[in-house]
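>>> model this:
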Amino acid sequence: MDTTHLDDIRDNHDLFIPAGHAKTSFIDTRDIGEVAAISLTDSQYLGQKLDITGPVALTYDEIANDMTDILGTKITYSKPSLWKFRRTMLKRELPKDFVNVMVMLYLITQMGNSKQVTDTVENVLKRSPRTVREYIRDYRNSFVND
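Got it, this is the predicted structure:
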């Protein structure tokens, strides 16, 4: 949310993401990095496939509500169609291949394939994964125009 979608959040106060009402088990990149570091340095993880997720699956409506609460600015979730999203991203001159990958990922999300939640992060890090609310609070300054 603080990369490709940052301008829409910061400038338009909107999550312009074609995920419909599907849930996603968001994982903080800091948790990904910590799990990667441990799994690459601890032999017990050699040859293992680790399915890592955040602690709960949320809809983008829920994310918009959390952002509104934490940022103090109303954030909406406009739920564009995949085609409207693709057209808009191409008009913004994002690379066509990148846009096509995003469209496919959001299609997969709409189909419900991003909602799985595992306890892998907690088992590897010996702590709960960071929540979306923690992420929003920690990166608050990225999302607001001061």
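>>> hey, let's count contacts and neighbours off CA atoms from now on
Noted.
>>> gap between residue 42 and residue 35?
Relative to residue 35, residue 42 is positioned 10 Å away (Cα to Cα, to the nearest Å).
>>> higher neighbour count, these two?
The residue with more neighbours, out of residue 42 and residue 35, is residue 35; 19 against 9, by other Cα atoms under 10 Å.
>>> mind listing what the more buried one touches?
With contacts defined as Cα atoms under 8 Å, 6 or more residues apart in numbering, the neighbours of residue 35 are 121, 124-125.
>>> Let's see the PyMOL selection covering just the buried ones among these.
To isolate the buried members of the contacts of residue 35 in PyMOL, using 16 or more other Cα atoms under 10 Å:
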select buried, resi 121+124
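>>> what would the contacts of residue 35 look like in JSON lines with distance to residue 96 and pLDDT?
Shown next, in JSON lines, are these (distance: Cα to Cα, whole Å; pLDDT from 0 to 100):
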{"residue": "121", "distance to residue 96": "34", "pLDDT": "98"}
{"residue": "124", "distance to residue 96": "37", "pLDDT": "97"}
{"residue": "125", "distance to residue 96": "37", "pLDDT": "97"}
